[in-house]
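Peer 1: here is my input; please provide its structure:
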Amino acid sequence: MAEHTDALVIGAGLAGLVAAVELADAGRSVRLLEQEGENSLGGQAHWSLGGLFLVDTPEQRRMGIADSAELAWQDWLGSAGFDRSEDHWPRRTAEAFVEFAAGGMREWLRGLGMRWFPVVGWAERGSGAADGHGNSVPRFHITWGTGPGIVAPFERRLRAHIAAARVHLQCRHRVDALCTTGGHVRGASGAILAASPAERGQRSSREVVDTFEYTADAIVIASGGIGGDHAKVRANWPIARLGPPPKHMLSGVPHHVDGRMIDIAAGDARAAVINADRMWHYTEGVANWRPIWPGHGIRIIPGPSSLWLDAAGRRLAAPCVPGFDTLATLRAILATGYDYSWFVLDQSIIEKEFALSGSEQNPDMTSQSWRRVLRARLARGAPAPVEAFKTRGADFVVAGNVAELAAGMNRLTGETLIDAETLEATIVARDRQMANRFSKDAQITAIAGARAYRGDRLFRVARPHRLLDPAHGPLIAVRLHILTRKTLGGLHTDLQARVLDAAGEPIPGLYAAGEAAGFGGGGYHGYNALEGTFLGGCLFSGRCAGRHAAGSAS
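Peer 2: Prediction:
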C-alpha cells in the first residue's frame, strides 16, 4: 500500500522550497520529491544573480527613485500585452503580485534575513513608449549573496522542519505519473534513481534502482520549465511573432529543466497548459569557457554603450540597444537569417558595463563580503570573471584596430561577413556623435539618460567617449548567441495556485507554482518580462500554493 502524507511537493527549486516550508509551517506533513541530488536544492535560483522586482522601496528612495504601485502596474500591462481569453488568471495573478511587490514582499523577506545591494539596477528599459514595454524606473534589487542568498532562508527553514520530521526530503525521486481517482489527484508514483556523484547542474545518471508511490491530500508541482530541452523550445516557438527558431542556441539552464512534469500533469490529470508559445530567451549569450551543463551559456548583462551589430556587421536600430527590449532584439536578429549578433566595444566599456549573470560569475557579491565587492567594483580593470571570459571565452575577439577586429570576427565565424571598411565607417559615424553633449543618435541619447541616474553613473555606464580613441583600447568584439532561459506559459492556475482543467475548473488536490505555472496563473508575465519577476514569481506563487494547499490537506 502507498504511504500517505498530507502534501507532496514535486521539485525542490525555489518555488518548491517555499511551498514545502509554508505547508510545514501550517502543521502539515510534507514529502519533497526531487529528481536530482540534494546538492540541487534551490534549482535555478541558486545560479541566479538574485535580482528581485520590488516597488517603492527604501533602496529606491535612497537612490532618488520615485516609484509607485500605479507606475509599476502601468509598466506591467504595457509589457504583458494580455490579449487572450485565457489571460484572465494570469492578469489577476500579475495584479496581485505587483501589489505584493509594492506592499508586504520586502518586509516578509527582510524578516527571513534577506538584504539587498543598495544600488538598484535598471533592467529591461523597454521600447521607448511611456505606456509600452519596459521598466520606467530602476526596480532590480540584487539580493546580498545573490541566488544562494535567496535560497538560504528557505533552506534553513526546510532543514528545521526535516529535523522535526515534518518534512521528508527525498532526492533522486523522479515522478513518472500522477495518480487520480474520480478526477481528484490523489498521489504520485515514479522511479528511485541511483545515487549520482554529479555536481550541481551536471548531467546525472538516470539508472533506476527502485520505484515509489505516495498518496496525499494535496500535490504541488514546482518542477520548472522547458529551457533545457531545445526540441521543446523549438516545438513551441512563436514563429509568426518572433521568426524562425534558431538553429543554434546555448542553454541558460541545466539539461534536466525539460518540462516533463508539465506534460505528465496535462496527460494524467487533464491539466490545462496555456501560453506555451510565450517564452523569454536572451540575445546576449556567450559560451561558458568552463561549462557545467551541456551547451552551458552565460548571459552578458550589458550597459548601454556597446554597438550592437547583426551577423553581417549592420547596426541594429533602436529599441535594439543593450539592456532595453529583449524580444524586439531577438526578433530583429532572427529576421537577418542568422542566429547570432555582435557587440563591438572597447576596454573602458567592458570594465564598467559588462556584468555576467549568475551567482558563480559574481563571487564578490555571492560571498556577502563588502570588502570584496568594493575591491572588485571600484578597482581598475574589469571584474575577474569578465576578464576571464575576454581572455578564454570562445566568443571574444580583441584587436588593436578595426581591420584586425574585422579579421578576427570573420575568423571566429568561418565566414567573411564583416567588411573592415564598412565596420570602421559605422564606428566613425557613432564616434562623431560624441563631439557634443547632445545627439540625434538614439543610443547616445539613451547613454545620457542612463547616466542621469546616480546608480548607473557610478557603477554601470562608462563615461561617453569615442570607440576609436586609443586611450580606451583595445577594441573588443563579442559574438552573442541566443540563450534559452524561461518558460512564460505553463499550467493554468488561479489565485489560490490551484491547477485548472480545460474548462477552467480547479482539479481537486492539484496545485502548481514557479516556472511550471508560468510563474503564476499560467503566464503572469504575458509576452514580456520586466526582470526580477522570475525569482519574485517563484516566491509569490510558492507562497500561495503552500498556504492554500495547507487548507486542503488534512
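Peer 1: for the stretch 301-450 of the chain, what are the low-confidence residue spans?
Peer 2: Along the stretch 301-450 of the chain, segments meeting pLDDT under 70 span 377-379.
Peer 1: hey, where'd the helices end up in it?
Peer 2: Assigned by DSSP state H, counting those that start in this stretch, the stretch 301-450 of the chain shows helices spanning 326-334, 347-353, 363-366, 370-378, 384-392, 402-413, 420-432, 442-451.
Peer 1: closest to Thr57 out of the ones you listed?
Peer 2: helix 363-366 (18.1 Å; CB to CB). (Glycine included, C-beta is placed from N, CA and C.)
Peer 1: for the closest one, buried residues please.
Peer 2: Pro363, Asp364, Met365, Thr366 (16 or more other CB atoms under 10 Å).
Peer 1: could you redo the residues you listed as TSV and give each row distance to Ala332?
Peer 2: Compiled in TSV, these are given as follows (distance: CB to CB, whole Å):
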residue	distance to Ala332
Pro363	34
Asp364	34
Met365	32
Thr366	34
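Peer 1: TSV for the helices of the stretch 301-450 of the chain, including distance to Ala163?
Peer 2: Formatted as TSV, the helices of the stretch 301-450 of the chain follow (distance: least, CB to CB, whole Å):
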stretch	distance to Ala163
helix 326-334	43
helix 347-353	46
helix 363-366	26
helix 370-378	32
helix 384-392	36
helix 402-413	53
helix 420-432	60
helix 442-451	48
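Peer 1: pLDDT score assigned to Ala553?
Peer 2: Listed pLDDT for Ala553 reads 67.
Peer 1: worst-scoring helix or strand of this structure, pLDDT-wise?
Peer 2: helix 370-378 (a mean of 75; mean pLDDT, DSSP states H and E).
Peer 1: below-threshold pLDDT in the stretch 451-554 of the chain: ranges please.
Peer 2: Those would be 553-554, if you go by pLDDT under 70 across the stretch 451-554 of the chain.
Peer 1: related to what we said a few turns ago, so which of the helices of the stretch 301-450 of the chain is nearest Gly27?
Peer 2: Gly27 lies closest, by CB to CB, to one member of the helices of the stretch 301-450 of the chain: helix 363-366, at 34.5 Å.
Peer 1: and the end-to-end length of stretch 280-296?
Peer 2: Terminal residues of stretch 280-296 lie 17 Å apart, using CA to CA, to the nearest Å.
Peer 1: okay, now Thr215: neighbour count?
Peer 2: Close neighbours of Thr215, defined as other CB atoms under 10 Å, add up to 19.
Peer 1: give me the three-state assignment for it.
Peer 2: strand (DSSP: H, G, I helix; E, B strand; the rest coil).
Peer 1: sec struct for the closest residue to it other than its chain neighbours, please.
Peer 2: In space, and not counting its chain neighbours, Thr215 is closest to Gly187: 3.7 Å by CB to CB, 6 or more residues apart in numbering. Taking three-state DSSP as the rule, one finds Gly187 in the strand state.
Peer 1: just give me the neighbour total for Gly187.
Peer 2: With other CB under 10 Å as criterion, Gly187 counts 22.
Peer 1: show me what it is bridged to.
Peer 2: The bridge-partner assignment for Gly187, based on DSSP bridges, gives Cys179, Thr215.
Peer 1: does it touch Asp217 like I think?
Peer 2: No. If you go by CB atoms under 8 Å, Gly187 and Asp217 don't touch, sitting 9.6 Å apart.
Peer 1: which residues in the stretch 451-554 of the chain form helices?
Peer 2: Listed in chain order, the helices of the stretch 451-554 of the chain (DSSP H, counting those that start in this stretch) span 454-459, 533-552.
Peer 1: mind checking how far the longest one is from the chain centre?
Peer 2: So that's helix 533-552. Distance, stretch centre to chain centre, for helix 533-552: 18 Å (CA atoms, centre = their mean, to the nearest Å).
Peer 1: I'd like to know which elements it is packed against.
Peer 2: helix 14-25, strand 51-53, helix 88-101, helix 105-111, helix 146-163, strand 208-221, strand 506-512 (3 or more CB pairs under 8 Å, 6 or more residues apart in numbering; DSSP states H and E).
Peer 1: Serialize the ones you listed to a markdown table and add fields for distance to His525.
Peer 2: As requested, the helices and strands packed on helix 533-552 are exported to a markdown table (distance: least, CB to CB, whole Å):
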| stretch | distance to His525 |
| --- | --- |
| helix 14-25 | 15 |
| strand 51-53 | 11 |
| helix 88-101 | 7 |
| helix 105-111 | 17 |
| helix 146-163 | 19 |
| strand 208-221 | 19 |
| strand 506-512 | 16 |
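Peer 1: buried residues of stretch 353-373, list them for me.
Peer 2: Within stretch 353-373, the residues that qualify as buried are 353-366, 368, 373, counting by 16+ other CB under 10 Å.
Peer 1: endpoints of that stretch, how far apart?
Peer 2: 16 Å.
Peer 1: so what touches that stretch?
Peer 2: By CB atoms under 8 Å, 6 or more residues apart in numbering, the surrounding residues in contact with stretch 353-373 are 46-50, 117, 142, 144-149, 298-306, 345, 375-377, 382-386, 389, 460-462.
Peer 1: could you flag which of those are buried?
Peer 2: Buried among the contacts of stretch 353-373 by 16+ other CB under 10 Å: 46-50, 117, 142, 144-149, 298-306, 345, 376-377, 382-383, 385-386, 389, 460-462.
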